[in-house]
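Undergrad: attaching a predicted model along with its sequence, questions to come.
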Amino acid sequence: MYFLLGHLSVLEILITSVAIPLMLWGLLLPGMQAIPLPACCAQLYLYLSLGTSELVLLGVMAVDRYVAVCNPLRYNIIMNSHTCIWLVIVSWVFGFLFQIWPVYATFQLTFCKSNVLDHFY
């Protein structure tokens with residue numbers, strides 16, 4: 001369980017570190033309110049893939065707790081270290097592979113008007 005919680009905390013730290021730097025850059029440099037397209041693409045991909053990995057890992061943690069409650073005597077056999085490592089690797093790989101197509105498809109769209117968005121913050 002602590003192995004899974006450790007990976008969940010790493011995912012939370014990474015999600016925060018993906019979203020915050022460009023927001024701070026825009027706040028500290030008032031004239032720089034635009035984001036380059038490659039940076040936008042990378043930020044979107046990382047944010048979505050880390051979020052997907054987090055959701056899959058939360059599902060794995062739910063299964064872990066289910067096994068601990070419903071099969072307490074067989075918990076060490078079912079959720080051994082090899083199984084936990086495999087489930088964490090699957091959650092990371094699934095999160096990063098699952099979001100390739102949506103991000104690629106998003107940036108293949110053509111937008112008609114100006115690429116500048118009006119915002120009020």
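TA: Thanks, I have the structure now.
Undergrad: angles on the backbone of the spatially most central residue of the chain, please.
TA: With distances taken as CA atoms, centre = their mean, residue 50 lies nearest the centre of the chain, 1.2 Å away. Backbone torsions of residue 50, given as degrees, to the nearest 10, read phi -70, psi -40.
Undergrad: so it makes contact with residue 94?
TA: No. In this structure, residue 50 is not within contact of residue 94 by CB atoms under 8 Å, at 11.9 Å. All C-beta spots, glycine's among them, are computed from the backbone N, C-alpha and C.
Undergrad: ok, the residue nearest to the centre of the chain - contacts?
TA: Going by CB atoms under 8 Å, 6 or more residues apart in numbering, residue 50 touches 11, 14, 15, 18, 95.
Undergrad: packing partners of the helix or strand bottoming out on mean pLDDT in the chain?
TA: Within the chain, no helix or strand scores below helix 2-28, which has a mean of 83 by mean pLDDT, DSSP states H and E. For helix 2-28, the packing partners by 3 or more CB pairs under 8 Å, 6 or more residues apart in numbering; DSSP states H and E come out as helix 37-70, helix 81-98.
Undergrad: mind putting those helices in JSON lines, distance to residue 2 included?
TA: Shown next, in JSON lines, are those (distance: least, CB to CB, whole Å):
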{"stretch": "helix 37-70", "distance to residue 2": "11"}
{"stretch": "helix 81-98", "distance to residue 2": "10"}
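Undergrad: those helices: which one's closest to residue 107?
TA: Closest approach to residue 107 among the helices and strands packed on helix 2-28 (CB to CB): helix 37-70, 5.5 Å.
Undergrad: quick check: mean pLDDT of the closest one?
TA: What helix 37-70 shows for mean pLDDT is 91.
Undergrad: that helix: what's the following helix or strand?
TA: helix 75-78 (DSSP states H and E).
Undergrad: would you mind measuring from the residue of the chain most remote from its centre to residue 60?
TA: Each residue of the chain has a distance to the centre, and by CA atoms, centre = their mean the biggest one is for residue 73: 33.6 Å. Residue 73 is 21 Å from residue 60, where distance means CB to CB, to the nearest Å.
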